[in-house]
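> need the 3D shape of this:
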Amino acid sequence: MKYNELLIGIGMFVMAHILAFFQLNGQFIWKWFGKNEVLVAAFGFIISFFYIWGTKYTVNGFEGLLWPARFIGFGIGMVIYAIAVSYYFNEGISLKTAISLLLSIVLIAIQTLWKN
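Numbers count the residues shown, from 1 in each chain. I've put the predicted structure just below:
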């Protein structure tokens, strides 16, 4: 496992999910986003690069394996979304959501820490 590549990939996924959260949910935070949908959607082009780079570096970090990159990207997205929804929308975390988040963290840990 190449940890430097893996960390870069994780960082790219974190950035992608943060940007995607605001792209999709910014309309509920700022009126400007709701009035400028085309411009907000155009930033999807830039956000796509963070997903592409996250996948590339994470796959390289796992020496060519695709599944770990997918699970890590998904898990990071779940954690970022939960934090952002809780912060920006004051939606508490129910037991069901807490268990889902715990499973996401376990998923990331299995993929990064479990040695074959």
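> could you use CA atoms for every contact and neighbour count after this?
Noted.
> the helices in this protein, which residues?
Under the criterion DSSP state H, the chain carries helices at the ranges 3-25, 31-35, 37-42, 44-61, 67-89, 95-113.
> find the nearest non-adjacent residue to the residue nearest the centre of the chain, please.
What sits nearest the mean C-alpha location of the chain, by C-alpha atoms, centre = their mean, is G77, with 3.0 Å. The shortest distance from G77 to any non-neighbouring residue, by C-alpha to C-alpha, 6 or more residues apart in numbering, is to H17 (5.6 Å).
> S86 too?
Distance criterion C-alpha to C-alpha, 6+ apart; nearest residue to S86, sequence neighbours excluded, is G92 at 5.9 Å.
> that neighbour - how many residues pack around it?
Using other C-alpha atoms under 10 Å, G92 is surrounded by 13 other residues.
> ok, it to A82 distance?
Using C-alpha to C-alpha, to the nearest Å, G92 is found at 9 Å from A82.
> do T58 as well
Distance, T58 to A82, by C-alpha to C-alpha: 22 Å.
> swap in G11?
Counting by C-alpha to C-alpha, the gap from G11 to A82 is 17 Å.
> also I99?
Taking C-alpha to C-alpha, one finds I99 at 12 Å from A82.
> and for Y51?
Here Y51 is placed at a distance of 19 Å from A82 (C-alpha to C-alpha).
> does the residue nearest to the centre of the chain touch M12 like I think?
No. With contact defined as C-alpha atoms under 8 Å, G77 does not reach M12; the gap is 11.4 Å.
> done for today, thanks.
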